[in-house]
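>>> no sequence for this one, just the structure:
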(Lines give C-alpha, C1' and ligand atoms only; values in the text may rest on other atoms or scores of the structure.)
Protein backbone atom coordinates (compact mmCIF):
# COMPACT_ATOMS: atom_id res chain seq x y z
CA UNK A 1 0.00 0.00 0.00
CA UNK A 2 2.79 2.40 0.92
CA UNK A 3 4.63 1.63 -2.35
CA UNK A 4 1.47 2.43 -4.36
CA UNK A 5 1.13 5.82 -2.65
CA UNK A 6 4.81 6.55 -3.37
CA UNK A 7 4.31 5.60 -7.03
CA UNK A 8 1.29 7.90 -7.30
CA UNK A 9 3.16 10.78 -5.65
CA UNK A 10 6.12 10.20 -7.95
CA UNK A 11 3.87 10.27 -11.04
CA UNK A 12 2.09 13.44 -9.88
CA UNK A 13 5.45 15.14 -9.31
CA UNK A 14 6.63 14.09 -12.77
CA UNK A 15 3.46 15.53 -14.35
CA UNK A 16 3.80 18.79 -12.39
CA UNK A 17 7.46 19.20 -13.32
CA UNK A 18 6.64 18.41 -16.97
CA UNK A 19 3.88 21.04 -17.01
CA UNK A 20 6.28 23.62 -15.63
CA UNK A 21 9.22 22.73 -17.88
CA UNK A 22 7.37 22.20 -21.19
CA UNK A 23 6.46 25.88 -21.80
CA UNK A 24 10.08 26.91 -21.29
CA UNK A 25 11.24 24.14 -23.59
CA UNK A 26 8.69 25.15 -26.24
CA UNK A 27 9.80 28.79 -26.00
CA UNK A 28 13.44 27.72 -26.37
CA UNK A 29 12.62 25.72 -29.48
CA UNK A 30 10.74 28.72 -30.88
CA UNK A 31 13.79 30.92 -30.34
CA UNK A 32 15.95 28.40 -32.15
CA UNK A 33 13.65 27.88 -35.13
CA UNK A 34 12.13 31.32 -35.75
CA UNK A 35 14.87 33.89 -36.48
CA UNK A 36 12.57 36.88 -35.97
CA UNK A 37 11.70 35.78 -32.41
CA UNK A 38 15.13 36.79 -31.13
CA UNK A 39 16.38 40.16 -29.90
CA UNK A 40 16.26 43.16 -32.25
CA UNK A 41 20.04 43.00 -32.69
CA UNK A 42 19.88 39.29 -33.59
CA UNK A 43 17.05 39.97 -36.07
CA UNK A 44 19.09 42.82 -37.57
CA UNK A 45 22.02 40.42 -38.03
CA UNK A 46 19.66 37.88 -39.60
CA UNK A 47 18.39 40.47 -42.10
CA UNK A 48 21.98 41.44 -42.95
CA UNK A 49 22.84 37.76 -43.55
CA UNK A 50 19.92 37.50 -45.99
CA UNK A 51 20.55 40.93 -47.52
CA UNK A 52 24.20 41.97 -47.05
CA UNK A 53 25.46 45.53 -46.87
CA UNK A 54 25.72 46.89 -50.43
CA UNK A 55 22.76 44.90 -51.78
CA UNK A 56 21.05 46.89 -54.53
CA UNK A 57 17.46 48.14 -54.24
CA UNK A 58 16.31 45.72 -56.97
CA UNK A 59 18.13 42.74 -55.42
CA UNK A 60 16.61 43.66 -52.05
CA UNK A 61 13.15 43.54 -53.63
CA UNK A 62 13.89 40.03 -54.93
CA UNK A 63 15.20 38.85 -51.56
CA UNK A 64 12.13 40.26 -49.82
CA UNK A 65 9.93 38.39 -52.28
CA UNK A 66 11.90 35.12 -51.86
CA UNK A 67 11.52 35.25 -48.06
CA UNK A 68 7.83 36.16 -48.40
CA UNK A 69 8.40 39.31 -46.39
CA UNK A 70 5.91 42.08 -47.11
CA UNK A 71 6.82 45.61 -48.14
CA UNK A 72 4.59 47.93 -46.12
CA UNK A 73 5.90 51.21 -47.48
CA UNK A 74 8.71 52.66 -49.59
CA UNK A 75 10.12 56.17 -49.75
CA UNK A 76 12.29 56.84 -52.78
CA UNK A 77 12.98 60.45 -51.76
CA UNK A 78 14.06 60.11 -48.10
CA UNK A 79 16.25 57.90 -45.97
CA UNK A 80 15.66 56.95 -42.36
CA UNK A 81 15.76 58.94 -39.16
CA UNK A 82 17.34 56.61 -36.59
CA UNK A 83 17.13 57.45 -32.90
CA UNK A 84 20.26 55.80 -31.50
CA UNK A 85 19.37 56.10 -27.81
CA UNK A 86 15.93 54.56 -28.23
CA UNK A 87 16.87 52.10 -30.96
CA UNK A 88 13.91 53.33 -33.01
CA UNK A 89 13.63 54.47 -36.61
CA UNK A 90 11.16 56.26 -38.87
CA UNK A 91 11.16 57.57 -42.40
CA UNK A 92 13.04 60.88 -42.51
CA UNK A 93 10.97 63.91 -43.37
CA UNK A 94 12.09 67.13 -45.04
CA UNK A 95 11.77 68.92 -41.67
CA UNK A 96 13.99 66.35 -39.90
CA UNK A 97 16.60 66.57 -42.64
CA UNK A 98 16.63 70.37 -42.41
CA UNK A 99 16.84 70.23 -38.60
CA UNK A 100 19.81 67.82 -38.76
CA UNK A 101 21.65 70.17 -41.08
CA UNK A 102 21.20 73.03 -38.60
CA UNK A 103 21.77 71.42 -35.18
CA UNK A 104 23.12 68.22 -33.63
CA UNK A 105 20.52 65.77 -32.42
CA UNK A 106 19.90 62.45 -30.65
CA UNK A 107 19.01 60.98 -34.05
CA UNK A 108 20.79 60.59 -37.36
CA UNK A 109 19.62 60.65 -40.97
CA UNK A 110 20.76 57.58 -42.93
CA UNK A 111 20.43 57.07 -46.67
CA UNK A 112 18.39 58.78 -49.37
CA UNK A 113 15.91 56.00 -50.11
CA UNK A 114 14.19 53.58 -47.72
CA UNK A 115 11.57 50.93 -47.19
CA UNK A 116 9.57 49.47 -44.32
CA UNK A 117 9.22 45.67 -44.47
CA UNK A 118 7.13 43.26 -42.41
CA UNK A 119 9.39 40.30 -41.66
CA UNK A 120 6.68 38.21 -40.02
CA UNK A 121 4.86 37.51 -36.81
CA UNK A 122 4.67 34.96 -34.05
CA UNK A 123 2.84 34.27 -30.78
CA UNK A 124 4.82 33.72 -27.60
CA UNK A 125 2.67 34.26 -25.60
CA UNK A 126 1.43 37.55 -27.11
CA UNK A 127 1.07 38.40 -30.78
CA UNK A 128 4.36 39.92 -31.98
CA UNK A 129 4.99 41.48 -35.39
CA UNK A 130 8.54 42.20 -36.54
CA UNK A 131 9.45 44.89 -39.07
CA UNK A 132 12.64 46.22 -40.66
CA UNK A 133 13.41 49.75 -41.79
CA UNK A 134 15.96 49.47 -44.60
CA UNK A 135 18.01 52.43 -45.86
CA UNK A 136 19.82 52.78 -49.21
CA UNK A 137 22.43 55.30 -50.32
CA UNK A 138 22.49 57.47 -53.47
CA UNK A 139 23.83 54.49 -55.46
CA UNK A 140 20.81 52.34 -54.40
CA UNK A 141 23.02 50.20 -52.13
CA UNK A 142 21.80 48.96 -48.74
CA UNK A 143 23.58 50.78 -45.91
CA UNK A 144 21.45 50.31 -42.78
CA UNK A 145 18.77 48.16 -41.18
CA UNK A 146 16.76 49.06 -38.08
CA UNK A 147 14.33 46.60 -36.46
CA UNK A 148 10.93 47.38 -34.95
CA UNK A 149 9.05 44.84 -32.85
CA UNK A 150 5.37 45.44 -32.05
CA UNK A 151 3.86 43.37 -29.24
CA UNK A 152 0.10 43.39 -28.80
CA UNK A 153 -1.07 43.35 -25.20
CA UNK A 154 -4.02 41.37 -23.88
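Structure received. It should be emphasised that the depicted structure is a prediction, and the values quoted were computed from it without experimental measurement. Numbers count the residues shown, from 1 in each chain.
>>> switch to C-alpha atoms for all contacts and neighbour counts from now on
OK.
>>> what sits against residue 69?
For residue 69, the contact set (Cα atoms under 8 Å, 6 or more residues apart in numbering) comprises 117-120.
>>> Closest to residue 41 out of these?
Within these, the smallest distance to residue 41 is 14.2 Å, found for residue 119 (Cα to Cα).
>>> so how far is residue 51 from the closest one?
Distance check for residue 119 against residue 51: by Cα to Cα, to the nearest Å, it reads 13 Å.
>>> Which neighbours do the two have in common?
Common neighbours of residue 119 and residue 51 (criterion: Cα under 8 Å, 6+ apart): none identified.
>>> From the contacts of residue 69, list the buried ones, please.
Among the contacts of residue 69, the ones that count as buried by 16 or more other Cα atoms under 10 Å are 117-120.
>>> Need the phi and psi values for residue 92.
Dihedral angles of residue 92 (phi, psi; degrees, to the nearest 10) stand at phi -70, psi 140.
>>> what pLDDT, on average, does the lengthiest helix in the chain get?
Using DSSP state H to define each element, the chain has its longest helix at helix 2-33. Helix 2-33 shows a mean pLDDT of 81 in the predicted model.
>>> Pull out the buried positions in the one helix or strand residue 45 maps to.
Assessed by DSSP states H and E, residue 45 sits inside helix 40-50. Within helix 40-50, the residues scored as buried using 16+ other Cα under 10 Å are 40, 43-45, 47-48.
>>> ok, now stretch 106-126?
The neighbour-count check on stretch 106-126 (16+ other Cα under 10 Å) flags 107-121 as buried.
>>> Can you give me the end-to-end span of that stretch?
From start residue to end residue, stretch 106-126 stretches across 31 Å - Cα to Cα.
>>> likewise stretch 72-89?
This stretch, stretch 72-89, spans 15 Å end to end (Cα to Cα).
>>> any idea of the mean pLDDT in it?
Confidence over stretch 72-89, taken as the mean pLDDT, stands at 84.
>>> swap in stretch 93-112?
Along stretch 93-112, the predicted confidence averages to a pLDDT of 74.
>>> Now the terminal residues of it, how far apart.
Per Cα to Cα, stretch 93-112 runs 11 Å from first to last residue.
>>> Same check on stretch 55-75?
Comparing the first residue of stretch 55-75 with its last one, the separation is 17 Å (Cα to Cα).
>>> buried residues in it?
By neighbour count on 16+ other Cα under 10 Å, the buried set for stretch 55-75 is 55-57, 60-61, 64, 69, 71, 74.
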